[in-house]
Structure formats: structure tokens, C-alpha cells
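1. A structural model of the following input is requested.
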Amino acid sequence: MRASVFRDGLKASKSVLFLFLNTVIENPLEMHQVMVEILDVNDNSPKFPEENYTLEVLESAVVGSRFQIEGAHNQYFRLETEEFGEDGKIPFLVLQRPLDREHTAQHWLLLTATDGGKPSKSCTINITVVVSDVNDNSPVCDKQKYTITIKENVPPGTFLLSINAIDSDEGVNGEIEYSLRSKFRGLASDPFELDRKTGKLTVKGNLDYEEKQVYELKVLASDKGAVSLSTHCNVVIRVVDENDNHPKIDITSISSRIPEDAPPGTVVALIRVTDLDSGVNGQVACSVPSHLPFDLKPSPDGQSYSIVTKNYLDKETMHMYNITITVKDLGSPALSSTKVIHVTVTDVNDNRPVFSHSPYTFYVSENNKAGISILSVTATDADADENAVIIYSLDRTSGPSITAFLNVNERDGTISALKSFDFETLKKFQFQVVAADSGTPPLSNNVTVNVFILDQNDNAPVILYPLTRASWRLDATPHSRSHKRSCFSTCKWKCVHTCHSHSSKQNGISPRSVVVTEVPHSVLSCSMVE
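-> Numbering: from 1, shown residues only. Now for the predicted structure:
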């Protein structure tokens, strides 16, 4: 042989390779066909198309699934081969147990191909089995129940807490969205807001302890898988009371008109005080001004009060009261409220008429004109309305004759004389006037009236003695005007005679010397000499 034969370079379709040759022999010249079998020598190692091979397998693949490959084997996979004619053996990777990407995301296999030569030759390939994720894991919250306590006056936007959930899946299967759900059905309408991406829970609206003290929220954590998986956790939010409510006063009953003779302890009004806050913030103290004649009596429940009179009222002193009710809670700082009720003291006929003077003394000149007012009395009554309307009358017990010459105007107390008085007949008299109010029953009062009659010079002198002319004396001395009551400018003859006058002392009632003047050709007249 002049050269080596490279069997692998020949196109041999069968495992046995023959080489046909024609040979010539010269002596004698003959041609012979020679069949030469070329025997293979194991001089080539097996060879994979690639040094590394990656196979993606869904983690949801069922046990027994087959994956065509260039041959491999490990605890999860075994290698099976199938004859494919001239293509040789094709290895299949068979799944022996369930995959879990969250437990093992990749498997590394080394596939070795060994020929049957002696000595044998081999080659290897690195097979990487990538377990593809399937959305087979629900999100998991780090807490099943979150609890937080907040004050009721926190402003909107206040951060409360963050909900944390994880999903072992990857990609969109592991992306989580958060949402609030009602404990019963549908979306929650509570005053809170949850960030869908971050899970941050914040206050959305105003909280009011008096309206609701505890909120129970349901938070849903869902992944974004094609078939979404979700879980939920509970959030309990406890609202702490703040002193943000003023006490409230309700007037449940009121007697706006109280008689002044109402006994102490008379109920004027019934009130109820409430405070929507809790604890000391909801405890209240109620009061009325101490200088008023009213007091508060609490009820056993501590929320109702009676406003009662402390003592007797007097309309003549105060006819109306404005009672300011003050209620204050015990919070810090304390909040208070006030309400004013108006109480009118109604009059009771408890005051008698009172005369402006007692007794009255009047001086009346005689010869008064009958029917004309000669005097008046005035009385007042501290009561009101009909209880203060006064009617005047003469007290008939003063003597039945008093009404014969006196009359009183029942409305204004003006007293008129029914006849003319005569000093020489009646010098003084006394009577009583009655002032009665119009109340029921009426109250009255009497006053004594003393009347003195003033004399007028309405009587001429009368000579009483002597009755003879023997006692006359001649007196030529004229008397001046200052020495006589009856004045004469000149006189000639005067006779002194004892006279008596019926007038009062002022008018010559006391015994005096009386000058009787005789004027020629005229009648006699008298004059007193001082």
C-alpha cells in the first residue's frame, strides 16, 4: 500500500465497507477483480453538535414527560434512547418526579457519549435544564392580622402601615397587587386608602370615634398571573377617642311661667345633657348661676337634671329670670356649652294697696261749692295687672252720715262734698277711705282722713248786752283804721256797747270792745277796738 486508507472519509452507508479493485497480471495477461474489505479502526471520538445545550421545561410538566435531547441522566431525569435507523440512537430525557421551580430553578446534566470501540472513545455535552415558572404559588402575607390604634383626629393622608406579601413565582406570576375588600362583599367603603403597588395603608377621610370605634379591613393580595392567585389578610384599626365634641343640652320640659308664690323646690325645667365622647371626655358637670334663686338636682343616671326654685320668688323684685345653663366636660382641655332659658314670674295678689300718706289731713274753707272736689287720696299696689287696679270707697263704719255729704271717685280717689260746709255748724270731722285691689280675693287697706273746716268772715256782730241805752257813752275820739275791723274815715259820735261776734277767733270770736258807730241819718254798725 502506498498510503493509508481513511475509512471515515469514504462515503460508507453500511457498517461493512468493501473496496473493489481491478488487477492485471502480465504473464499471462489476465484481469482479476479484487474485493477489499476495509475494516474500521476506532480512531474517532463521538461528537455532539454543541458543547452546551439548554432545555426549558415547565415546572408543571407531569411525571413521565419525554424531552428529546442528546442524552443525559440525573435524579430528576433518566435517559432513554430510541433507534432511528441510520441516524443512530436519539436520547430522550424523561421526567421522573415533579419539578418545583421555587425549589430548584435549574438542573445541570453532563451527557457522555461513548463508542463501542476498543479502546472506546467518548465525548460529553453540558445540558442545562431550566425549569420555567408556572403560576402555582399564591401570595403569602407576612402577617395574617395587622392591628393598629390611631386617634380620631388624625388628618387625611396619615400613613398607618404597610401590607407585605411575597409570591415565590417569578415574573408577572410573582408581581403582587393589593386591594381593600369589604368584610362582607365588594370593595370597602371605609375611610382608608391602600396603594395597589406598595401596600401602604393611609387615612383617606375623617374619622369619628363616636360614629365608629373599630374598623376591620380585608386586604386582598393578588398576583398577575394569567390565572391570578390571591390571598388575604385582616387589618384591625382601633380609633381612640379625642375630646372633640361639645356637651349638648336638651330642654325636655319647661314651665316658662312660675307664680311668685310657688314653694321652694318647684320644678322649672327638665334638661338632659349628653357628650358623645367617651371616658372622662364624656363626663360632664352642669351648673346654673349661684346668685339666682334656682338650683340643679341631678337624676340617678347623671345625665338628667331638674331646675328647681331655691326659695320663694317675688315678682315685685324680679319679674323675669334669664337662667344660663352651663355644662362642661372633664376632658383636657375641657369643652363646654351653654343654653339660656327664660322664666317669667307671674303675679300673685300678695300686696295690699298702700296710701301715700297715713293719716291724711286736709283744710277746707267753709261755704265750699257743693259737688266740687275738695280733696283726694292716692294708693298704689306693688302687684301687676288686675291685682294692681285699685277701687276707692268710703268706709261706712265711719258713720252712716258720712256718705250724705261726701262722695269718692272709685277710680282716682277724688273726694267731693255733696253740700257746703258751715264752720259755725261743723268745725272738723274724720272718716276712712278704703282702697281695695281687683285681685281674687281682693286685698284692701284703710286710711284715716281728718278734715278741718276753715272759717270765713261771713257773720255780722250781734249785740248781746246791755239792752238799755244807759250804758252808752259818748266818745268824741275818732279811731284810726288800725284799731277797728270795720273802718270809717270819719265819725262824730260813737257809743261804746258790748257786742258778740259769731265768727272765729281770727274773725273776732274772743270778747273784745266793740265800737258801735252811729252815723247821722244811718243805721248802727260795729267795729272792734284792739
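
2. how near is Ser373 to Phe362?
-> 11 Å (CB to CB, to the nearest Å). Heads up, the C-betas are built off the backbone N, CA and C, glycines and all.

3. Kindly report the same for Ile127.
-> Applying CB to CB to Ile127 and Phe362 gives a distance of 148 Å.

4. Which of these two has more residues huddled nearby?
-> Ile127 (25 against 13; other CB atoms under 10 Å).

5. burial of Glu37, as a residue count?
-> Neighbours of Glu37 (other CB under 10 Å): 8.

6. ugh, typo on my part, it should be Ser122
-> Ser122: 11 neighbours (other CB under 10 Å).

7. partners of it in the sheet?
-> Thr114 (DSSP bridges).

8. Which pLDDT does the model give it?
-> Per-residue confidence for Ser122 comes out at a pLDDT of 84.

9. In this structure it contacts Gly116, no?
-> No - taking contacts as CB atoms under 8 Å, Ser122 lies outside contact range of Gly116: 10.7 Å.

10. Outline the domain layout of this structure.
-> As recorded under automatic domain parsing, the domains making up the chain are 7-38, 52-132, 140-240, 248-346, 354-454, 462-529.

11. By mean pLDDT, show me the worst of these.
-> Comparing mean pLDDT across the domains of the chain, the weakest is domain 462-529, with a mean of 48.

12. any idea how far the nearest residue in space to Tyr360 that is not next to it in sequence is from Glu410?
-> Of all residues not flanking Tyr360 in the chain, Val449 sits nearest, at 4.5 Å (CB to CB, 6 or more residues apart in numbering). Going from Val449 to Glu410 by CB to CB gives 16 Å.

13. Show me where the stretch 351-500 of the chain has its helices.
-> 402-405 (DSSP state H, counting those that start in this stretch).

14. For it, which segments count as strands?
-> All strands of the stretch 351-500 of the chain, identified by DSSP state E, counting those that start in this stretch, fall at 354-355, 360-365, 373-376, 379-380, 390-394, 406-408, 414-417, 428-437, 444-454, 462-463, 474-475, 493-497, 499-500.

15. okay, those strands in TSV with distance to Leu220 next?
-> Conversion of the strands of the stretch 351-500 of the chain to TSV gives the following (distance: least, CB to CB, whole Å):
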stretch	distance to Leu220
strand 354-355	90
strand 360-365	102
strand 373-376	100
strand 379-380	88
strand 390-394	90
strand 406-408	101
strand 414-417	100
strand 428-437	86
strand 444-454	92
strand 462-463	138
strand 474-475	150
strand 493-497	147
strand 499-500	138
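
16. And these: which comes nearest Met31?
-> strand 428-437 (180.2 Å; CB to CB).

17. so how far is the closest one off the chain centroid?
-> Relative to the mean C-alpha coordinate of its chain, strand 428-437 is positioned 64 Å out (CA atoms, centre = their mean, to the nearest Å).

18. The closest residue to Leu443 other than its chain neighbours: neighbouring residues, count only.
-> Distances taken as CB to CB, 6+ apart put Arg352 closest to Leu443, at 4.4 Å, once the chain neighbours are dropped. When neighbours are counted by other CB under 10 Å, Arg352 registers 17.

19. So Arg352 sits against Pro442, correct?
-> No - applying CB under 8 Å as the test, Arg352 and Pro442 come out as separate, 9.6 Å apart.

20. which residues are contacting the stretch of helix or strand Arg238 belongs to?
-> Assessed by DSSP states H and E, Arg238 sits inside strand 230-240. Strand 230-240 has contacts (CB atoms under 8 Å, 6 or more residues apart in numbering) with 138-141, 143-152, 160-161, 163, 165, 181, 192, 201, 207-209, 212-223.

21. Return the set of buried residues in that strand.
-> 230-231, 233, 235, 237, 239 (16 or more other CB atoms under 10 Å).

22. same deal with stretch 401-415?
-> 402-403, 406, 408, 413-415.

23. circling back to that earlier point, partner strands of the strand holding Arg238 and their direction?
-> Partners of strand 230-240 in its sheet, by DSSP bridges: strand 145-151 (parallel), strand 214-223 (antiparallel).

24. Could you check the last one and say which residues are buried?
-> Within strand 214-223, the residues that count as buried by 16+ other CB under 10 Å are 215, 217, 219-223.

25. starting at the chain centroid, how far to it?
-> 34 Å.

26. The chain should start at 7 in everything you say after this.
-> Fine by me, first position is 7 from now on; the one you just mentioned is strand 220-229.

27. pull the CA atoms of it into CSV?
-> What follows is strand 220-229, C-alpha atoms only, in CSV (Å, rounded to 0.1, in the frame of the first residue of the first chain):
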residue,chain,number,x,y,z
VAL,A,220,-63.2,49.7,65.3
TYR,A,221,-62.6,49.1,61.6
GLU,A,222,-62.0,45.6,60.3
LEU,A,223,-60.5,45.6,56.8
LYS,A,224,-59.8,42.8,54.5
VAL,A,225,-56.7,43.2,52.2
LEU,A,226,-56.5,41.1,49.1
ALA,A,227,-53.1,40.4,47.7
SER,A,228,-53.2,39.0,44.1
ASP,A,229,-50.5,38.1,41.6
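
28. Name the residues that touch it?
-> Counting by CB under 8 Å, 6+ apart, 141, 144-145, 147, 169, 171, 173, 175, 178-189, 194, 196, 198, 200, 205, 207, 234-245 sit against strand 220-229.

29. ok, 7 Å please
-> 141, 145, 147, 169, 171, 173, 175, 179-189, 194, 196, 198, 200, 234-244 (CB atoms under 7 Å, 6 or more residues apart in numbering).

30. With only the CA atoms kept, save stretch 145-153 in PDB.
-> Below are the C-alpha coordinates for stretch 145-153, written out as PDB (Å, rounded to 0.1, in the frame of the first residue of the first chain):
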ATOM      1  CA  PRO A 145     -49.000  35.300  47.500                       C
ATOM      2  CA  VAL A 146     -48.300  35.000  51.200                       C
ATOM      3  CA  CYS A 147     -48.700  37.900  53.700                       C
ATOM      4  CA  ASP A 148     -46.100  38.300  56.400                       C
ATOM      5  CA  LYS A 149     -48.900  38.700  58.900                       C
ATOM      6  CA  GLN A 150     -52.300  37.200  58.900                       C
ATOM      7  CA  LYS A 151     -53.600  40.000  61.000                       C
ATOM      8  CA  TYR A 152     -52.400  43.600  61.400                       C
ATOM      9  CA  THR A 153     -53.600  45.700  64.400                       C
END
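
31. Adding distance to Ser51, write the domains of the chain out as CSV.
-> Output for these, formatted as CSV (distance: least, CB to CB, whole Å):
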stretch, distance to Ser51
domain 13-44, 12
domain 58-138, 4
domain 146-246, 40
domain 254-352, 89
domain 360-460, 136
domain 468-535, 181
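
32. Fine by me, thanks again.
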